[in-house]
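Participant: return atomic coordinates for the entry below.
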Amino acid sequence: MGGSRCAGHRARLLPAATAAAQNLADEIGVAAEFVTSDVYEAPAALDGRRFDIVYTGIGALCWLPDINRWAQTVAELLNDDGVLYLVEFHPAGDILDDATGSHIVGDYFNDEAAVYEYNGTYADTASRTRHNLQVMFSHTLGSVLTAVADAGLRLELFTEYPYTLFRRFENLHADESGRFHPTTAAKAPLMYSLRARA
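Facilitator: This next block holds a predicted model:
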């Protein structure tokens, strides 16, 4: 029921979001098409079209309950020799303490959905929002890499990074590029990227 409430709220926001995106594309002179769909239904929503590149962006996988179905969907969207490029927050960051990010306090292999109330958004944590029930899913690196391989994609590149793009832990400091690094000697991977080819 909570997932339905959350999904319904998002569905009401989509027309405004896609209209804003289209206005921005028009304003800067970029030819773009915005398609709204359940991610697993993307091949049908895109009328079976295939692409040279499928990009899955930062903070996307945590909303998907079925990582294998996501990878199969990506494979269906790629042309022969097409490329998946994924940049994501590292699941190791989810099990570290909030203060320093240097102590393990959670279970890396916990695959149960996390359900909680969250006011605001990542862009504005102080904003007043409604329908704040959120359901998130944790996917280990092993589950992501295996899903990509099982979908028939060939891994070409995998990189882990010791920084993130927001103040995930209290002791992180920002560099001139806006990346957040730990101030302690103990470091863990906070982001990763991969490239896989059809």
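Participant: which one is the residue most central in space within the chain nearest to, not counting chain neighbours?
Facilitator: In the chain, the C-alpha nearest the mean C-alpha coordinate belongs to residue 60, at 2.0 Å (CA atoms, centre = their mean). Distance criterion CB to CB, 6 or more residues apart in numbering; nearest residue to residue 60, sequence neighbours excluded, is residue 88 at 7.2 Å. Where C-beta positions appear, they are placed from N, C-alpha and C, glycine not excepted.
Participant: and for residue 170?
Facilitator: Residue 170 sits nearest to residue 99 (CB to CB, 6+ apart), 5.0 Å away.
Participant: the one you found touches residue 167, doesn't it?
Facilitator: No - using CB atoms under 8 Å, residue 99 makes no contact with residue 167, being 11.7 Å away.
Participant: ok, back up a step: for the residue nearest to the centre of the chain, phi and psi?
Facilitator: When read as degrees, to the nearest 10, the backbone of residue 60 gives phi -100, psi -40.
Participant: ok, it to residue 54 distance?
Facilitator: Separation of residue 60 from residue 54 (CB to CB, to the nearest Å): 12 Å.
Participant: please, where are all the strands along this structure?
Facilitator: 51-56, 78-89, 114-117, 133-136, 154-161, 172-174, 180-182, 191-197 (DSSP state E).
Participant: turn those strands into CSV, including distance to residue 107.
Facilitator: Output for these, formatted as CSV (distance: least, CB to CB, whole Å):
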stretch, distance to residue 107
strand 51-56, 25
strand 78-89, 17
strand 114-117, 11
strand 133-136, 15
strand 154-161, 20
strand 172-174, 23
strand 180-182, 22
strand 191-197, 19
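Participant: nearest to residue 123, out of those strands?
Facilitator: When the strands of the chain are compared by CB to CB, strand 133-136 sits nearest residue 123, at 15.0 Å.
Participant: give me the sheet partners of the closest one and which way each runs.
Facilitator: strand 114-117 (antiparallel) (DSSP bridges).
Participant: before we move on, back to that, pretty sure the residue nearest to residue 60 is touching residue 189, no?
Facilitator: No - contact criterion CB under 8 Å: residue 88 and residue 189 do not qualify, at 11.0 Å.
Participant: so where's the chain uncertain?
Facilitator: Along the chain, the model assigns pLDDT under 70 to residues 1-13.
Participant: run through the helices of it in chain order.
Facilitator: 2-28, 42-45, 67-77, 141-150 (DSSP state H).
Participant: can you put those helices in TSV and add mean neighbour count and distance to residue 182?
Facilitator: Shown next, in TSV, are the helices of the chain (neighbours: other CB atoms under 10 Å; distance: least, CB to CB, whole Å):
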stretch	mean neighbour count	distance to residue 182
helix 2-28	12	32
helix 42-45	15	36
helix 67-77	19	27
helix 141-150	16	20
